[in-house]
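Colleague: after the sequence you'll find the predicted model.
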Amino acid sequence: MNAAWWKNRRVLVTGGAGFLGSNLCHALAGLGARVTALDAMFEEGGANPRNLDGAGVMLVRGDLRDTELHSLARGADVLFNLAAQTSHMGGQKDPVADININAVAQVRLVQVMREVAPGARVVHASTRQFYGRPLYLPVNEMHPVNPPDANGVSKWAGEQYWLLESRVLKRPVVSLRLTNCYGPRLRIRDAKQTFLGIWMRRLLENEPFEVWGGEQLRDLAFVDDVTAAFLGAAEHADDARVNGQVFNLGGAPPVSLRDLADLCIAANDGRGSFSTREFPADRAPIDIGSYHADDAAFRAATGWAPQVPLAQGLRRTLDWYRERLEDYL
Ligand SMILES: NC(=O)c1ccc[n+]([C@@H]2O[C@H](COP(=O)([O-])OP(=O)(O)OC[C@H]3O[C@@H](n4cnc5c(N)ncnc54)[C@H](O)[C@@H]3O)[C@@H](O)[C@H]2O)c1
């Protein structure tokens, strides 16, 4: 990371009060950037007003679908575009709202950025979800796109509109297709953001948690490593081998969910227990089974590599919540 590059940069972070966006905002403010966070503060996602405590960024509450965006985006040097409807079940239940946020509102933002921030770099938060059930592992960027649900379709569409800005207008754009991320500021009230959220809550409350399936592999990315990837992507966005590219972003070496459950208990000083059960019938059709990323391309292009081992990241996450559990329940 090039700390000097960020000093006094004007940065807009959509979804800035959510899990990944807020961690990014803290890092950006720490580097001296002038940060505006836009967030609709939706109840169903990862937004939490406490996420930006002490960050020193300006939070604008507004919905990408109808907020006046010109004043927010005007003169921005960098856009980190993280706002999204992220619920897979939510997208299945209300695919119109899902595509309105993840694709139609993206086009709205694309157009505003053309008008008021034509030179800004864009880093778009994309997802591994739309590869669907992997045909091979690890999954590289050449893997076919095969969305398993409406949310996968809308996220893919949104990403493609941003890539057009690079292809057609030569704007520096990078899209990071993220794996499962975890760390401080994750929604842990329930499993709406990720299964790991509810596991963390149960551990912190000394209750047993459930593992659905158990053999599925995941390559979890600790949020500080994800933040570093976003910053690196922006810094390199106008390099020829970065601009206009999609990159998979993985994390720690893959582990099965059952082994991950054991690691969580170890990170909780050996306290906790879990039971395993079959994947619930209503979710099985959109389950993608095992996934881990081949992120060699992003590493080669930017020099990024994850720094936080899984055991350490899990411990840091649990310790972070111990002091502020009430704010996240
Ligand atoms: N966390 C992960 O493991 C993961 C994995 C793959 C991809 N992603 C992507 O990363 C991005 C951030 O994810 P996250 O985990 O931080 O989710 P999150 O729910 O914590 O953050 C998203 C934020 O966007 C806001 N938002 C949603 N719709 C909005 C709208 N119309 N206008 C303004 N704000 C809106 C929400 O209120 C929320 O705070 C998303 O684009 C997501 O698809 C995350």
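Modeller: Looks like it arrived, so ask away.

Colleague: only C-alpha atoms for contact and neighbour calcs from this point on.
Modeller: Will do.

Colleague: what about the strands in the chain?
Modeller: Secondary structure of the chain (DSSP state E): strands at 10-14, 34-39, 58-61, 78-81, 121-127, 173-178, 181-182, 209-212, 217-218, 221-222, 245-249, 255-256, 274-277.

Colleague: CSV for those strands, including mean pLDDT, mean neighbour count and distance to I198?
Modeller: Below are those laid out as CSV (pLDDT from 0 to 100; neighbours: other C-alpha atoms under 10 Å; distance: least, C-alpha to C-alpha, whole Å):
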stretch, mean pLDDT, mean neighbour count, distance to I198
strand 10-14, 98, 25, 25
strand 34-39, 98, 24, 23
strand 58-61, 98, 16, 27
strand 78-81, 98, 24, 26
strand 121-127, 98, 25, 21
strand 173-178, 98, 25, 20
strand 181-182, 98, 23, 12
strand 209-212, 95, 18, 8
strand 217-218, 96, 20, 17
strand 221-222, 98, 26, 17
strand 245-249, 98, 24, 24
strand 255-256, 98, 18, 17
strand 274-277, 94, 13, 12
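
Colleague: right, so of these, which gets closest to D294?
Modeller: Smallest distance to D294 across the strands of the chain (C-alpha to C-alpha): 6.7 Å, for strand 245-249.

Colleague: so that closest one, near the ligand or not?
Modeller: No. Strand 245-249 lies out of reach of the ligand by C-alpha under 6 Å from any ligand atom, never closer than 9.3 Å.

Colleague: counting contacts, what elements does that strand pack onto?
Modeller: strand 173-178, helix 296-302 (3 or more C-alpha pairs under 8 Å, 6 or more residues apart in numbering; DSSP states H and E).

Colleague: now with 7 Å?
Modeller: Applying 3 or more C-alpha pairs under 7 Å, 6 or more residues apart in numbering; DSSP states H and E, one finds that strand 245-249 contacts strand 173-178.

Colleague: the strands of the chain: which one's closest to A234?
Modeller: In terms of C-alpha to C-alpha, the element of the strands of the chain nearest to A234 is strand 121-127, at 6.1 Å.

Colleague: the strands of the chain into CSV, with extra columns for distance to E326?
Modeller: Listed next are the strands of the chain as CSV, based on distance: least, C-alpha to C-alpha, whole Å:
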stretch, distance to E326
strand 10-14, 26
strand 34-39, 22
strand 58-61, 22
strand 78-81, 29
strand 121-127, 29
strand 173-178, 29
strand 181-182, 19
strand 209-212, 19
strand 217-218, 29
strand 221-222, 22
strand 245-249, 32
strand 255-256, 30
strand 274-277, 23
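
Colleague: nearest to P134, of these?
Modeller: Counting by C-alpha to C-alpha, and looking across all of the strands of the chain, nearest comes strand 217-218 at 11.3 Å.

Colleague: can you list contacts of the lowest-mean-pLDDT helix or strand in the chain?
Modeller: Ranked by mean pLDDT, DSSP states H and E, the weakest helix or strand in the chain is helix 88-93, scoring a mean of 84. Applying C-alpha atoms under 7 Å, 6 or more residues apart in numbering, the contact partners of helix 88-93 are 98, 149-151.

Colleague: give me every residue in the stretch 151-300 of the chain lying close to the ligand.
Modeller: 178-181.

Colleague: of these, just say which sits nearest to Q160.
Modeller: Q160 has its nearest neighbour among these in L178, at 15.5 Å by C-alpha to C-alpha.

Colleague: enumerate every residue touching the closest one.
Modeller: Per C-alpha under 7 Å, 6+ apart, neighbours of L178: 126-128, 248-250.

Colleague: still on that earlier bit, check which residues of the least confident helix or strand of the chain are buried.
Modeller: By neighbour count with 16 or more other C-alpha atoms under 10 Å, helix 88-93 contains the buried residues 88-91.

Colleague: and stretch 163-175, C-alpha only, in CSV?
Modeller: C-alpha atoms of stretch 163-175 as CSV (Å, rounded to 0.1, in the frame of the first residue of the first chain):
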residue,chain,number,x,y,z
LEU,A,163,-16.6,-2.8,-16.8
LEU,A,164,-18.1,-1.1,-19.8
GLU,A,165,-16.9,2.2,-18.4
SER,A,166,-13.4,1.0,-18.7
ARG,A,167,-13.9,-0.7,-22.1
VAL,A,168,-15.7,2.1,-23.8
LEU,A,169,-14.7,5.3,-21.9
LYS,A,170,-11.3,4.2,-20.6
ARG,A,171,-12.2,5.0,-17.0
PRO,A,172,-9.9,3.0,-14.6
VAL,A,173,-12.2,0.3,-13.2
VAL,A,174,-11.4,-2.8,-11.2
SER,A,175,-13.8,-5.4,-10.0
